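Q: Below are the sequence and a predicted model; questions follow.
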Amino acid sequence: MSDKDDLIYDEDDSVAFIQNYLPQELKGKFSNDDINYIVDLIYEFYESKGFLDENSDDNAEIDIDEDELIGFVVKNAQKDGVGKFAPEDITFIVQGELEYCDSINMFD
């Protein structure tokens, strides 16, 4: 069994990583629940685009339109009454989530 098989995505670690990733001016602006909600929306977006499809080619390059993803998060957060998040703030959470996934070699 390889190390990759042992990697487990940890929601609490992800939130802590993103909280640390946020620039100083955004620290304290997002609760852990806010970040969990936004990360859930990120994966909902991935699923809607077929990026998480088990039948997809593992070697295929996935090109994520970050502007579309951020728009999806902002729109759904407003629709769900969770909050009015500025797109530029969501960008840091999206980037933080991607960095967390890279740190655990999730996409290798």
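A: In hand now; what should we look at?
Q: now stretch 48-58: mean pLDDT?
A: For stretch 48-58, the mean per-residue pLDDT is 73.
Q: now swap in stretch 10-24 and tell me
A: 95.
Q: mind listing what's buried in it?
A: Of all the residues in stretch 10-24, those buried under the rule 16 or more other C-beta atoms under 10 Å are Ser14, Val15, Phe17, Ile18, Gln19, Tyr21, Leu22. In this view, the C-beta of every residue, glycine as well, is placed from N, C-alpha and C.
Q: I'd like to check what contacts that stretch. Which residues are they?
A: Contacting residues not belonging to stretch 10-24 are listed as 27, 29-30, 32, 35-36, 39, 92-93, 95-97, 99-100, 103 [C-beta atoms under 8 Å, 6 or more residues apart in numbering].
Q: and if you look at stretch 31-51?
A: By C-beta under 8 Å, 6+ apart, the residues outside stretch 31-51 that reach it are 11, 14-15, 18-19, 30, 52, 56, 62, 64, 68-69, 72-73, 76-77, 82-83, 85, 90, 93-94, 97.
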